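Asks: What follows is a predicted protein model with its sequence.
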Amino acid sequence: MSKIGVFICHCGENINATVDCARVAKTAGELEGVEYSIDYKYMCSDPGQTLIKQAIKEKGLTGVVVGSCSPRMHEPTFRKACQEAGLNPFMCEMANLREHCSWVHDKNEATTQKAIDLVRTLVEKVKLNKPLYSIKVPVTKTALVIGGGIAGIQASLDIANAGHQVILVEKDPSIGGHMSQLSETFPTLDCSQCILTPRMVEVAQHPNIKLLTYAELEKLEGSIGNFKATIRKKAKSIDENLCNGCGTCTTKCPTKKIPSEFNTGLGTRTAIYVPFPQAVPNKPVIDKENCSYYQKGKCKVCEKVCPTGAIRFDQEDELVEIEVGAVVIATGFNIMQPSEFPEYGYGKYKDVITGLQFERLASASGPTLGEIRRPSDGKIPEKIVFVACAGSRDPAKGIPYCSKICCMYTAKHAMLYQHKVHHGKSYIFYMDIRAAGKNYEEFVRRAIVDDEVNYIRGRVSKIYEENGKLIVRGVDTLLNAKPVEIEADMVVLASAAIANPGAEELAQKMHVSYDSYHFFSEAHPKLKPVETNTAGIFLAGACQAPKDIPETVSQASGAASKAIILFSKDELSRDPLIAVVNRSPAPVFSTCVGCFMCASACPYQAIGEELITNRQGKVIKKVAKVNPGLCQGCGTCVAFCRSKSIDIQGYSNEQMCAEVVALLNND
Amino acid sequence: MKIGFYPGCSLTGSSREYNESLLAIAKGAGVELCEIEDWSCCGATAAHNLNKELSLSLPARNLALAELENMDELVVPCAACFNRLVMTQHELSEKEDLKKQVSDKLQMPLKNNIKIVNVLQFLEEHIVPRLDQLVKSPLTIDVACYYGCLLVRPQKVMKNERFEDPMLMDVIMQKLGANAIDWPFKTECCGAGFSVSKTEIVGELSGKIVRNATDRGAKAIVVACPMCHSNLDMRRPAINTYLNMKMDIPVIYITQAIALAMGLTPRQAGIQRHFVPVNLTVNR
Amino acid sequence: MVDKEDLSFKVSQITGVNIRECYQCGKCTAGCPVGERMDLRPSVIMRMLQSEDAALEEEILRSKSIWLCLTCETCYSRCPMELDIPKVFDYLRGKSYSEGKVNSESRDIVSFHKSFLNAVERNGRLHEMSLILDYKIHTWNLFQDVVLAPEMYSKGKLSILPERIKDRKGLARLFKYQFKKRKS
């Protein structure tokens, strides 16, 4: 006979303002099998948990239903409380009275009735719950870090310095990411390369870090503590062990006019190339799309000039399988192509460029060696206009969010311009200045007051070319919305930060969730900012949302520490909510007929076969068997099983039916 | 397929040459246009600004008449009429009760589903595919194709994806042998209905358009709207006053350009009716 | 919802444009072909509507701006919040006109529209000569464009006699017709 306790939480006013919690508790108390029922303001608090523990001990409860928030955050809280009071934690269930009821309905009788129904269904389920025990799994103490920008570099170094192995995978030929493209960094104006390149070298030389550049994640299987990752090492067409990075091939390559990705199209590179002189590793790759030999079958100049004979035209992509215990995603961001703005003429007018292109113009390692010269004719612009929010905060262009970094880098750009072109005039069209960081506001004020950058509050409507000048039509909303027209020599668009093109696909490969803009989703916006919904996979940097370098580095260290915490134990326990094939007494043994439909349906390859033998060792029956280390409890096999022989522990067919019947018997 | 034709008032008066050239090329291409029997004014900007009821009922009357004549699509060469007709159809399709009120008042049924096409869409569908055979004497000049407002905006209703840089007319002109220049004033406003009441505004707005086209080397401006044409052509004195110089660049309708390329005489194309003399023999 | 009397509430209700969505970026004004000439620029009018201040609302209805608007739709096509500002202006013009609050400097624009509708009411189609004559009489702008008419005539662009439609009865019905007041 069940003795169930029902605990209804007010969640402050979140539930109680809409649902009559006292009545839910009272009605639940009258249900068959319910021994004890009570409501309380904050059930997750210490007094609330004590209430549950005392009731378990004093009333001898066999099951617990907590009617409160979504189980996402507090299921572990309440299950732990039950365990402390001596009850198996899996005898505790939660009815979601907040997200599923009070937050989505108005205050009325029907809402309270729905809350009662939700509690009643869980009471019926708990009656059928069985004690379950966590599964212990060993931890592979190696981390996979995906992305070699500043986020991936920081996370890799932190994990490696804690004594664990790291495999760092970067899709480009060099690590460094966007930070290596930047000129100087706000708010200190220290040189980006000067602070980044030593870290890049440290990564390459660290005994605990294995660096795989020009490589991408192909597949990720398994779960926390025991992932199996397949990495595609793209063919670099060179033997890395033989290549000594002398650079002869890159200087002799006859195909020289390829727009350089590193220089955002403002410079060129060869077909066999190192993205930039400070690249790590400083060894070239052949870009097959642009190489004459690969495209036309003729050339091989690089092979002829290579002093070590390192060129390998027949090299193919290689798939390597690695076992890791944790994954840090640090794949970064991209910028919106401002060709989304036909009114600004990007793509049509050479001197309308993006912020990232300006970084290359201002960088000492850039195509102009740090001189601000416009792309069309190499002249130094006398008048320059910066347009903030080019794409950001613009629902019509599909981006309602703020890109967070543009206010600061635009102020920096104008400042750098004024430092380099003393007689020049700079204008920034902006909507709001968002400078909420340490020393950020002071930095912007410096740009306005000391460097005499002209800030104009208003958006630009159109940019067009007339007589060699770019006419910028804007408005000054602080001057009674006076239309403003500036004849500029160059225009820089602070184009929005967006998710990487492959982000959605990557998220699906790894089973992590992502938002409508394709940024990866954190597990909780406040309390789990570096975790994903998939245990053991962590987030670092702008792949989660646009952010600047200090914030990215902090988050990367946070993600690293989560991996290190995971590696601090030799084994970890997993929820036993996995599939099991039923077993019954001889002569049936199991209702499983061995059709293995389940095995073909399983997305995790978790189902194998088991041979049931008699005492003489003769095989009597072949049935399916679930590998508890691989099963993720998704339930696909349950739906496929024709003989109803597989169940998910904690969510059995019987339990689900009990819930449905309870709902149908609504009177 | 029965193609209906709604000329609109301008095409019976000040933009007579637009009507003449359109009918001439349709005839030349063997396309029959059936003028709506007893059509009336669309109400234009005046009804739009002063009388909400008329701004819907006047265009709706013509849509209902076209439906009565079982027309499959309705060609509306005047960009202003086109805009009013499309906007009316759009608004009535969103508000069923309003459609019923209008239909009752018209004492005519209104299904409100006829396909309304502007001159560029008409040309693209019925004339462009035959241009290869029709073009007899290619126009070898640099032209600036000017679209104005009403053919491209509001882009949601007009379903124009390239509303900042439309290309339909440019493509047609290239097919006639001309070089359509890239210029930034394609969709700027000419001053529209202020021709009479605020002529100086037309002088300024149209002046900027004419100046930019000239600066960029165009030898003619090509239009598809009677209002744009009359502002850029007939209001040239106001334009010259604003610019403080005499601008000679002629303004022709896209239909006139096609007619000339098809080998029709300038008179058949109605060229003689322009205020700014047209001489398209100036080669590149 | 509380039934409010202020102008911004009515604008939102009738045009479906939510005035509160405007965040004052000014892109509408920046692209407006007549922005320079306006006494109250589009973004300013949106801000005034947001204020829910009766005095400012009155100022809008008496402004030149609402009549200077060319309905070119550039503002709407570029508005990051996709606000149909021309539709708001349509409503404001209608209200300004029906309440007799048309700015004195904008009367010629309104007169032209009126003359236009008069001409259409008479014949069903616009007769440009009648329109110009009607407008001249109403505005006393007798000498404007006197040189234009003969040239237009000589080029065959001006006809002396108007074209009239047959169904003038039906047309008269349209001119008398007022919408049933919709519940608001």
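Replies: Structure received. Every value quoted in this text rests on a predicted model; they were computed, and no experiment measured them. Numbering: from 1, shown residues only, chains lettered A, B, ... in the order given.
Asks: Tell me how far residue A:330 lies from chain B.
Replies: 36 Å (Cβ to the nearest Cβ, to the nearest Å). All C-beta atoms are positioned from the backbone trio N, CA, C, and that covers glycine.
Asks: is the one helix or strand in chain B whose mean pLDDT sits lowest anywhere near chain A?
Replies: Using mean pLDDT, DSSP states H and E, the weakest-scoring helix or strand in chain B turns out to be helix B:155-158, at a mean of 80. No. If you take Cβ under 8 Å from any Cβ of the partner chain as the test, helix B:155-158 misses chain A, and the best it gets is 10.5 Å.
Asks: what's that helix in contact with?
Replies: By Cβ atoms under 8 Å, 6 or more residues apart in numbering or on different chains, the surrounding residues in contact with helix B:155-158 are B:86, B:87, B:90, B:151, B:152, B:161, B:163, C:77.
Asks: Tell me if the second one really is in a helix.
Replies: By that I understand residue B:87. Yes. According to DSSP: H, G, I helix; E, B strand; the rest coil, residue B:87 belongs to a helix.
Asks: Look at it and say how many residues are nearby.
Replies: Counted with other Cβ atoms under 10 Å in any protein chain shown, residues neighbouring residue B:87 total 18.
Asks: The nearest residue to it once chain neighbours are set aside: neighbouring residues, count only.
Replies: Ranked by Cβ to Cβ, 6 or more residues apart in numbering or on different chains and with sequence neighbours excluded, the top spatial neighbour of residue B:87 is residue B:157, at 6.5 Å. By other Cβ under 10 Å, 14 other residues sit near residue B:157.
Asks: What residues does chain B have near chain A?
Replies: Contact residues (Cβ under 8 Å from any Cβ) of chain B with chain A: B:162, B:163, B:164, B:165, B:182, B:184, B:185, B:212, B:215.
Asks: Let me know the outermost residue of chain C.
Replies: Most distant residue from the mean C-alpha position of chain C: residue C:154, 32.7 Å away (Cα atoms, centre = their mean).
Asks: who touches it in this structure?
Replies: By Cβ under 8 Å, 6+ apart, the contact set of residue C:154 is empty.
Asks: returning to that earlier point: scan the residues of chain B next to chain A and report the most crowded one.
Replies: Most neighbours among the residues of chain B next to chain A, by other Cβ under 10 Å: residue B:163, with 24 neighbours.
Asks: Quick check on it: phi, psi?
Replies: Dihedral angles phi and psi of residue B:163 (degrees, to the nearest 10) take the values phi -70, psi -20.
Asks: Quote the end-to-end distance of stretch A:347-364.
Replies: End-to-end distance of stretch A:347-364 (Cα to Cα, to the nearest Å): 25 Å.
Asks: and if you look at stretch A:288-307?
Replies: By Cα to Cα, the extent of stretch A:288-307 from end to end equals 22 Å.
Asks: One more: stretch C:80-87?
Replies: End residues of stretch C:80-87 are separated by 16 Å (Cα to Cα).
Asks: Do any residues in that stretch lie close to chain A?
Replies: Yes. For stretch C:80-87 and chain A, the contact criterion (Cβ under 8 Å from any Cβ) is met by C:80, C:81, C:82.
Asks: Now that stretch: buried residues?
Replies: Buried positions in stretch C:80-87, judged by neighbour count with 16 or more other Cβ atoms under 10 Å in any protein chain shown: C:80, C:81, C:83, C:84, C:85, C:86, C:87.
Asks: ditto for stretch B:238-246
Replies: By neighbour count on 16+ other Cβ under 10 Å, the buried set for stretch B:238-246 is B:238, B:239, B:240, B:242, B:243.
Asks: Looking at that stretch now, give me its mean pLDDT.
Replies: When pLDDT is averaged along stretch B:238-246, the result is 96.
Asks: Nearest residue to whatever residue of chain A ends up closest to chain C in space, please, no chain neighbours.
Replies: Relative to chain C, the nearest point of chain A is residue A:461 (3.1 Å; Cβ to the nearest Cβ). Nearest non-adjacent residue to residue A:461, counting by Cβ to Cβ, 6+ apart: residue C:31, 3.1 Å away.
Asks: before we move on, what about residue A:602?
Replies: Nearest non-adjacent residue to residue A:602, counting by Cβ to Cβ, 6+ apart: residue A:637, 5.6 Å away.
Asks: Please, where are all the strands along the stretch 151-284 of chain B?
Replies: Ranges of strands within the stretch 151-284 of chain B are B:179-180, B:220-223, B:251-253, based on DSSP state E, counting those that start in this stretch.
Asks: picking up where we left off before, with only the CA atoms kept, save the least confident helix or strand of chain B in PDB.
Replies: Written as PDB, here are the backbone C-alpha positions of helix B:155-158 (Å, rounded to 0.1, in the frame of the first residue of the first chain):
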ATOM      1  CA  GLN B 155       8.100  46.100 -50.800                       C
ATOM      2  CA  LYS B 156       6.000  43.800 -48.700                       C
ATOM      3  CA  VAL B 157       2.900  44.400 -50.800                       C
ATOM      4  CA  MET B 158       4.800  44.900 -54.100                       C
END
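Asks: Quick check: buried residues in it?
Replies: Neighbour-count burial for helix B:155-158, with 16+ other Cβ under 10 Å as criterion, is recorded at B:155, B:158.
Asks: tally of neighbours for residue C:98?
Replies: 12.
Asks: Look up how far residue B:59 lies from it.
Replies: Using Cβ to Cβ, to the nearest Å, residue C:98 is found at 21 Å from residue B:59.
Asks: now do residue C:65
Replies: For residue C:65, the distance to residue B:59 equals 26 Å [Cβ to Cβ].
Asks: more crowded one of those two?
Replies: Comparing residue C:65 with residue B:59 by neighbour count (other Cβ under 10 Å), the higher total belongs to residue B:59, at 31 against 22.
Asks: Counting by contacts, list what the helix or strand where that one lies packs against.
Replies: Per DSSP states H and E, residue B:59 falls inside helix B:52-68. If you count contacts as 3 or more Cβ pairs under 8 Å, 6 or more residues apart in numbering or on different chains; DSSP states H and E, helix B:52-68 packs onto helix B:44-50, helix B:79-94, helix B:96-106, helix C:168-176.
Asks: If we ignore the residues flanking it in sequence, what's nearest residue A:202?
Replies: residue A:157 is the one closest to residue A:202 (Cβ to Cβ, 6+ apart), at 6.2 Å.
Asks: Do I have it right that that neighbour meets residue A:206?
Replies: Yes. With contact defined as Cβ atoms under 8 Å, residue A:157 counts as touching residue A:206 (6.9 Å).
Asks: between these two, who's got more neighbours?
Replies: Comparing residue A:157 with residue A:206 by other Cβ under 10 Å, the one with more neighbours is residue A:157, at 22 against 16.
Asks: residue ranges with poor pLDDT in the chain?
Replies: All of this refers to chain A. A:666-667 (pLDDT under 70).
Asks: wrong chain, I was asking about chain B
Replies: B:281-284.
Asks: make it 50
Replies: B:282-284 (pLDDT under 50).
Asks: What of chain C?
Replies: Along chain C, segments meeting pLDDT under 50 span C:1, C:181-184.
Asks: Please enumerate the strands of it.
Replies: With DSSP state E as the criterion, chain C has no strands.
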